[in-house]
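Q: Quick one: sequence plus predicted model below, questions after.
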Amino acid sequence: LDLAHELAAALDADLVIANDPDTDRLSVSAPDLAGGWRQLTGNQVGSLLGDFVLRHTSEPRPIVLSSIVSSPHLAQIAALHGARHESTLTGFKWIWNAALALEGAGIGRYVFGYEEALGYSIGRVVRDKDGISAAVAFATIAAAAASAGQTVWDLLAALAVRDGLWVSAQKSIVRTGSEGTAEIGRAIDAIAAGPPVALDGHPVVAGRDFRVDAHDRPPWLGATPLIELDLGEAGRALIRPSGTEPKLKIYVDASGPFAAGDDWFGAEAALRAAAGRIADEVVAHLGLGGG
């Protein structure tokens with residue numbers, strides 16, 4: 001994106017929209033207060049797209065979906081719009097498997113799904129992640145904001161006033177070889193058996209081991225090596241091994257209050273730092289150190 005940012009700065013552009021070579025993913029960047037360009041996270045784009053789709057859908061019973069490691073913010077947005085939200089396993093096939101199953105059961109009609117790794121699906125024409133339709137929708141969002149004298153950061157601030165501020169952070173611990181795989185497995189076992197009492201001062205109010213009790217969940221959220229630590233109103237932490245690389249991944253979704261007139265950039269930076277501390281404390285509890 002660096003070259004795109006340089007060109008956008010030279011053209012005094014309002015937005016950078018980028019797709020990967022096969023156009024199934026979408027990245028968005030916008031000017032920040034420091035005069036540079038800042039990439040939105042996949043969850044920020046997902047929240048803006050999800051809210052946009054639900055505000056404009058004509059479906060009487062809309063369904064929205066997101067992967068389990070994506071921000072809980074979409075579920076909150078869905079509830080505000082009277083929509084059905086479901087979480088799925090990672091991988092876009094699970095999002096569309098769930099969509100077709102829910103539609104087949106007469107529960108509603110799919111309108112939007114996403115995963116935090118920059119994959120989005122709007123509507124039913126392309127039954128997979130599609131960066132082109134997502135780019136068109138986001139350009140529509142940004143154009144409407146610009147016509148009202150707003151930026152995408154203003155839109156995120158408006159969501160934060162309504163829903164509370166959500167920030168996501170990730171941390172990965174690399175462990176190679178068969179011993180590394182075994183070490184990651186032992187770490188998952190250990191934190192499931194003995195979760196931390198608190199993270200960054202927030203009590204862990206509940207833990208959930210997604211390796212068990214799959215019969216109590218829908219098929220698109222079956223057994224998987226994932227541990228969830230529920231921090232109540234402060235958010236959550238998820239711990240799981242990567243499905244494609246020799247690493248353990250930690251996802252933190254932190255939530256905090258935000259009022260009209262607050263400095264969004266300052267509040268976001270402070271909450272992002274808190275999310276980073278939560279991730280670091282999870283690593284310390286696992287006893288894996290850096291990597």
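A: On my side now, so go ahead.

Q: Now do the residue nearest the centre of the chain, the pLDDT please.
A: When the chain is reduced to its mean C-alpha position, the nearest residue by C-alpha atoms, centre = their mean turns out to be residue 70, at 3.0 Å. Per-residue confidence for residue 70 comes out at a pLDDT of 99.

Q: Hmm, residue 172 and residue 251 touching each other?
A: No - the pair formed by residue 251 and residue 172 falls short of the contact definition of C-beta atoms under 8 Å, at 10.1 Å. (C-beta placed from N, C-alpha, C; glycine too.)

Q: Tell me which other helices or strands the helix-or-strand element of the chain with minimal mean pLDDT touches.
A: Taking mean pLDDT, DSSP states H and E as the measure, the helix or strand of the chain with the lowest value is helix 177-193, at a mean of 91. Helix 177-193 sits against strand 227-230, strand 235-241, strand 247-256, helix 264-286, with contacts defined as 3 or more C-beta pairs under 8 Å, 6 or more residues apart in numbering; DSSP states H and E.

Q: That helix: which residues count as buried?
A: Buried residues in helix 177-193, counting neighbours by 16 or more other C-beta atoms under 10 Å, are found at 180, 183, 184, 187, 188, 191, 192.

Q: ok, and what's touching that helix?
A: 173-175, 207, 209, 211, 225, 227, 229, 239-241, 246-248, 282, 285-288 (C-beta atoms under 8 Å, 6 or more residues apart in numbering).

Q: ok, which stretches of the protein are strands?
A: Listed in chain order, the strands of the chain (DSSP state E) span 16-19, 26-31, 37-39, 62-67, 84-88, 109-115, 119-122, 165-174, 198-199, 202-203, 206-209, 227-230, 235-241, 247-256.

Q: Mean neighbour count added to the ones you listed, as CSV?
A: Rendered in CSV, the data for these read as follows (neighbours: other C-beta atoms under 10 Å):
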stretch, mean neighbour count
strand 16-19, 18
strand 26-31, 22
strand 37-39, 18
strand 62-67, 24
strand 84-88, 21
strand 109-115, 26
strand 119-122, 25
strand 165-174, 20
strand 198-199, 20
strand 202-203, 16
strand 206-209, 15
strand 227-230, 20
strand 235-241, 24
strand 247-256, 23
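
Q: and of the ones you listed, who's closest to residue 97?
A: Proximity to residue 97, assessed across those by C-beta to C-beta, is greatest for strand 84-88 (7.5 Å).

Q: Partner strands of that closest one and their direction?
A: Strand pairing for strand 84-88, determined by DSSP bridges: strand 62-67 (parallel).
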